[in-house]
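1. structure, please.
(one chain, ligands or ions: 1)
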Amino acid sequence: MPVEHDSIMTVLRGIVLPDGTNLVESDRVRALNVEGDVVRFVIEAPDATAARAWSGVEAEAKARLEALEGVGKVSIVMTAHGPAGSTPPPAATGKEPPSLKIGRHPTPQQGKTKPAGVKNVIAIASGKGGVGKSTVSANLAVALAKMGRKVGLLDADIYGPSQPRMMGVNKRPASPDGETIEPLHAHGVTLMSIGFMIPDGEAVVWRGPMLMGAMQQMLGQVAWGELDVLLIDMPPGTGDVQLTLGQKTELTGALVVSTPQDVALMDARRGISMFNKLNVPVLGLIENMSMYICPNCGHEAHIFGHGGVAEEAEKIGVPFLAQLPLALEARIAGDEGVPIAATDSPLAEPYMQLAQRLVAGGMA
Ligand SMILES: Nc1ncnc2c1ncn2[C@@H]1O[C@H](COP(=O)(O)OP(=O)(O)OP(=O)(O)O)[C@@H](O)[C@H]1O
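-> Next up is the predicted model:
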């Protein structure tokens, strides 16, 4: 029988650190993963000096866990996040402990790249917050997965990552080697969110270089595997993440989500003009909250106006890809972690059609 997570934590609680606390109490254990009889995790030391001084801690944890019933192999990676102390690094073996931290200065990069094995990368953007960009991203990802496509979803919305809630998963991804990050999986979609890696609100204060570094890591360190398409749920507006992504990533293109309201459309125009400047093709516009369908009588009301996004698409010569109704059922589904496209509700249909258009166009 595989070893229980709790039994492992009990053992780790018994491993005393030099300051008298233990590994669990001082929150040093990350990415604990049990597969069969193999236990893997990361010990996150406060800095490189401590990481070196804790080699006995690592050895003790390994020996004690290997003595547990059901455990065959134990693999521990020691990482350190803080500045190194004054002690010189160990001789010859040389390699610094890998860093699992998301949010760092970028490493130099020549030209545009995309994760190996990923055929298409599509940014889902909006000029304005709250228009439903994350809802569209989650549902489109699920609809594509239902069609049998291999889909990844990267939630890069640093101001309010909503995919953990919308896709119904929220835990810290495993990192068996302290460098590669194993994405999570939900509703057939390979999923990574900046929200899995950093405490709420921390990234909001990041500016240019830190954001560039974080995006580089989310694209480059995550083991995305073979994907037909990777959707990126962007933060709203035209900030550093959008710029970095447009300049550094080989994007198939961008989908721009807007409500029919004039104010939302004005902001959407700004987003479109940014993508044009970055030479990122705008694959199409999506109108969300097009009409409200009363759940009681079926009456349709155009709460945020009517037809604005279709007109805009025609004016700028890009496809108008979908019209998505405002529906209570869709909101509740998103809040409960089961996107409406994952259900057999008729509201899943417009997302299936959107997915089909992208597949037919060779974009996903
Ligand atoms: N078509 C819809 N019908 C009903 N509710 C919707 C619809 N689209 C979005 N919502 C709801 O509106 C809220 C905002 O949507 P969402 O988070 O997808 O927007 P966003 O543009 O990603 O926002 P942000 O910029 O804050 O990330 C959510 O509660 C979501 O469930």
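2. now do the SS call for the nearest residue to residue 149 once chain neighbours are set aside.
-> Computed as CB to CB, 6 or more residues apart in numbering, the closest residue to residue 149 that is not its neighbour in sequence is residue 228, at 4.5 Å. From N, CA and C alone the C-beta is placed, and that goes for glycine too. Secondary structure state of residue 228, per DSSP: H, G, I helix; E, B strand; the rest coil, is strand.
3. surely residue 228 touches residue 147?
-> No - using CB atoms under 8 Å, residue 228 is not in contact with residue 147; the gap is 9.6 Å.
4. more neighbours, these two?
-> residue 228 (19 against 16; other CB atoms under 10 Å).
5. report the separation between the more buried one and the ligand.
-> The gap separating residue 228 from the ligand is 23 Å, by CB to the nearest ligand atom, to the nearest Å.
6. same question, residue 166
-> From residue 166 to the ligand the distance is 7 Å (CB to the nearest ligand atom).
7. do residue 139 as well
-> In terms of CB to the nearest ligand atom, residue 139 sits 9 Å off from the ligand.
8. in three-state terms, label that residue for me.
-> At residue 139, secondary structure determined by three-state DSSP is helix.
9. start at 29 instead
-> Got it, first residue is 29 now, which makes that one residue 167.
10. leaving out the residues flanking it, which one is nearest to it?
-> residue 369 (4.0 Å).
11. neighbours around the one you found, how many?
-> 28.
12. tally of neighbours for residue 241?
-> Residue 241: 19 neighbours (other CB under 10 Å).
13. and it, how far from residue 249?
-> 11 Å (CB to CB, to the nearest Å).
14. what's the answer for residue 189, then?
-> Distance from residue 189 to residue 249, by CB to CB: 17 Å.
15. same check on residue 235?
-> From residue 235 to residue 249 the distance is 21 Å (CB to CB).
16. which one's more surrounded, the two?
-> residue 249 (18 against 9).
17. dump the residue contacts of the residue nearest to that one when sequence neighbours are not counted.
-> Once flanking residues are discounted, residue 249 sits nearest to residue 209: 5.1 Å by CB to CB, 6+ apart. Neighbour list for residue 209: 128, 201-203, 220, 225, 245, 249-251 [criterion: CB atoms under 8 Å, 6 or more residues apart in numbering].
18. cross-check the residues you listed against the ligand and keep the overlap.
-> Subset of the contacts of residue 209 in contact with the ligand: empty, counting by CB under 6 Å from any ligand atom.
19. burial measure for residue 353, as a count.
-> Residues near residue 353, counting by other CB under 10 Å: 17.
20. briefly note if the helix or strand it falls within comes near the ligand.
-> Element membership for residue 353, per DSSP states H and E: strand 348-354. Yes - against the ligand, strand 348-354 shows contacts by CB under 6 Å from any ligand atom at 352, 354.
21. partner strands of that strand and their direction?
-> strand 310-321 (parallel) (DSSP bridges).
22. quote the end-to-end distance of stretch 369-385.
-> Terminal residues of stretch 369-385 are spaced 15 Å apart (CA to CA, to the nearest Å).
23. cool, stretch 44-54 as well?
-> 10 Å.
24. list the buried residues of it.
-> Of all the residues in stretch 44-54, those buried under the rule 16 or more other CB atoms under 10 Å are 45, 51-52.
25. from those residues, which has minimum pLDDT?
-> Lowest pLDDT within the buried residues of stretch 44-54 is found at residue 52 (88).
26. just read off the phi/psi values of that residue.
-> phi -80, psi -50 (degrees, to the nearest 10).
27. quick one: contacts for it?
-> So residue 52 contacts 37, 40-41 (CB under 8 Å, 6+ apart).
28. just the buried residues of those residues.
-> Buried, going by 16+ other CB under 10 Å: residue 40, out of the contacts of residue 52.
29. rewinding a little: what sits up against the strand holding residue 353?
-> Contacts for strand 348-354 (CB under 8 Å, 6+ apart): 160, 164, 283, 311-321, 328, 331-332, 337-338, 341-342, 358, 375, 378-379, 381-382, 385-386.
30. and the next helix or strand past it?
-> Following strand 348-354 in sequence, per DSSP H and E, is helix 356-363.
31. which parts of that next one are buried?
-> 358, 361-362.
32. just give the nearest non-adjacent residue to residue 302, would you?
-> Residue 302 sits nearest to residue 266 (CB to CB, 6+ apart), 4.5 Å away.
33. CA atoms only for stretch 331-344 - export them in PDB, please.
-> Once non-C-alpha atoms are left out, stretch 331-344 reads as follows in PDB (Å, rounded to 0.1, in the frame of the first residue of the first chain):
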ATOM      1  CA  ILE A 331     -27.900  44.800 -21.100                       C
ATOM      2  CA  PHE A 332     -24.500  46.000 -22.300                       C
ATOM      3  CA  GLY A 333     -25.700  47.100 -25.800                       C
ATOM      4  CA  HIS A 334     -25.800  45.200 -29.000                       C
ATOM      5  CA  GLY A 335     -23.600  44.400 -31.900                       C
ATOM      6  CA  GLY A 336     -20.700  46.600 -31.000                       C
ATOM      7  CA  VAL A 337     -18.000  44.000 -31.100                       C
ATOM      8  CA  ALA A 338     -19.200  42.600 -34.500                       C
ATOM      9  CA  GLU A 339     -19.100  46.100 -36.000                       C
ATOM     10  CA  GLU A 340     -15.600  46.700 -34.600                       C
ATOM     11  CA  ALA A 341     -14.300  43.400 -36.000                       C
ATOM     12  CA  GLU A 342     -15.700  44.300 -39.400                       C
ATOM     13  CA  LYS A 343     -14.200  47.800 -39.200                       C
ATOM     14  CA  ILE A 344     -10.700  46.500 -38.400                       C
END
